[in-house]
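Asker: Give me a model of this one.
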Amino acid sequence: MTTTPIAAVLADVDGTLVTRQKVLTPRTIEAVRRLDERGVLFAITSGRPPRGMRMLVEPLGMHMPMAAFNGGVIMLPDMTVFDERDVPADVAPGVIETCRAHGLYVWIYTAMEWYVTDPNAPHAERETRTCRFPPTVVPSYDPYLDHIVKIVGVSDDHDRVAQAELAVQKEYDTHVSAARSQPHYLDVTHPTANKGIVVDRLAHRFTVPREQIATFGDQANDVLMFARSGISVAMGNAGEAVRRQATHVTGSNEDDGFADAVEKYILPHAVAAPTT
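Answerer: A predicted model of the protein is given here:
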């Protein structure tokens, strides 16, 4: 049984805070309100672009910085960017080619824009609905290579995505951070743009020990923050490998698993974070 005080919560978005329909339930909104009421810091981190996180600001009453692109961009709730970490320009072309060599379609993001080379790119319509803005179609990514924040490899062949993940990790090692944010998405970002480092930055910025931070997630890239936090909660919809690496497993994102876990594992041990 967890007895460590919890002063901050860091949550993933898709598959964790929102349902499959990309909506926040009333119980999730209420759980975040109760955390705030107890003085527990609530922050979010996601592979989404900044503009894709705007929809969360008002209903969750966000006042903490938000980590988009798995930490590649940190912005305030008003969308002011105060930290941006680009994929190194000298490795970006090679990463793109490695993804393509594994049969993945590639799109790219800069801090505020999303680019595709095919208007019918796989999953682009779904991503448009999720993030609530469309991509810009361009003939080539070459003009943007020196300010790419995230490269995404996309395929419905999940084995290919997993193989591409391993290939990028092996070939580019410490030059990038590569992890699957969904079974069909491989996210490649700056080496210091991953969810584990978001935990460290949250702890440092708000003087909260990592042991007093709880993290929530459902995908392989969330395991990085599980390892850096005091307790971790995997959603019931997470794969077995993710669930195995969490302190606790809650219900799915379709069944208010986040709210249940806040009530069961967080609020009984909640303490107010230091004021800054």
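Asker: drop to CA atoms for contacts and neighbour counts, all remaining ones
Answerer: Will do.
Asker: Next, count neighbours for G39.
Answerer: Other residues lying near G39 total 17 when counted by other CA atoms under 10 Å.
Asker: One more: P143?
Answerer: 10.
Asker: got it, and T275?
Answerer: 7.
Asker: same check, this time on S140
Answerer: 10.
Asker: Now do the SS call for it.
Answerer: coil (DSSP: H, G, I helix; E, B strand; the rest coil).
Asker: and L10, what element?
Answerer: strand 8-11 (DSSP states H and E).
Asker: and what of M62?
Answerer: Using DSSP H and E, M62 sits in no helix or strand.
Asker: dump the residue contacts of it.
Answerer: By CA atoms under 8 Å, 6 or more residues apart in numbering, M62 lies in contact with F42, A43, L56, P77.
Asker: Next up, phi/psi of G39, please.
Answerer: phi 80, psi 10 (degrees, to the nearest 10).
Asker: Got the confidence number for it?
Answerer: The model reports G39 with a pLDDT of 97.
Asker: and it, what does it touch?
Answerer: Neighbours of G39 in contact, by CA under 8 Å, 6+ apart: A7, V271, A272, A273.
Asker: do A92 as well
Answerer: L145, I148, I151.
Asker: excluding its backbone neighbours, what's nearest the first one?
Answerer: Closest residue in space to L145, ignoring its immediate chain neighbours: A89 at 5.5 Å, by CA to CA, 6 or more residues apart in numbering.
Asker: I'd like the secondary structure assignment at the one you found, please.
Answerer: With three-state DSSP as the basis, A89 sits in coil.
Asker: now F133
Answerer: coil.
Asker: low-scoring stretches of this structure, by residue?
Answerer: Scanning the chain for pLDDT under 70 picks out 1-2, 276.
Asker: Which positions in the strand or helix carrying E127 come out as buried?
Answerer: Per DSSP H and E: E127 is located in helix 124-131. Neighbour-count burial for helix 124-131 flags A124, T130, C131 (criterion: 16 or more other CA atoms under 10 Å).
Asker: what do you get for stretch 95-107?
Answerer: Buried residues in stretch 95-107 (16+ other CA under 10 Å): V95, I96, T98, C99, H102, G103, L104, Y105, V106, W107.
Asker: Pick the one among those closest to D173.
Answerer: Ranked by distance to D173 (CA to CA), the buried residues of stretch 95-107 are led by V95 at 11.3 Å.
Asker: I'd like to know which elements the helix or strand that the helix holding E127 is followed by is packed against.
Answerer: Counting by DSSP H and E, the next helix or strand C-terminal to helix 124-131 is strand 136-137. Contact partners of strand 136-137 among helices and strands, from 3 or more CA pairs under 8 Å, 6 or more residues apart in numbering; DSSP states H and E: strand 114-116.
Asker: what sits up against the strand it packs on?
Answerer: V106, W107, I108, Y109, P134, P135, T136, V137, V138, Y141.
Asker: 7 Å instead, please
Answerer: Residues outside strand 114-116 that contact it (CA atoms under 7 Å, 6 or more residues apart in numbering) are W107, I108, Y109, P135, T136, V137, V138.
Asker: still on that earlier bit, want to try TSV for the buried residues of stretch 95-107, with secondary structure and distance to G251 as columns?
Answerer: What follows is those, written out as TSV (DSSP: H, G, I helix; E, B strand; the rest coil; distance: CA to CA, whole Å):
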residue	secondary structure	distance to G251
V95	helix	36
I96	helix	36
T98	helix	36
C99	helix	33
H102	coil	34
G103	coil	34
L104	coil	32
Y105	strand	33
V106	strand	33
W107	strand	32
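Asker: Please consider this matter closed, and thank you.
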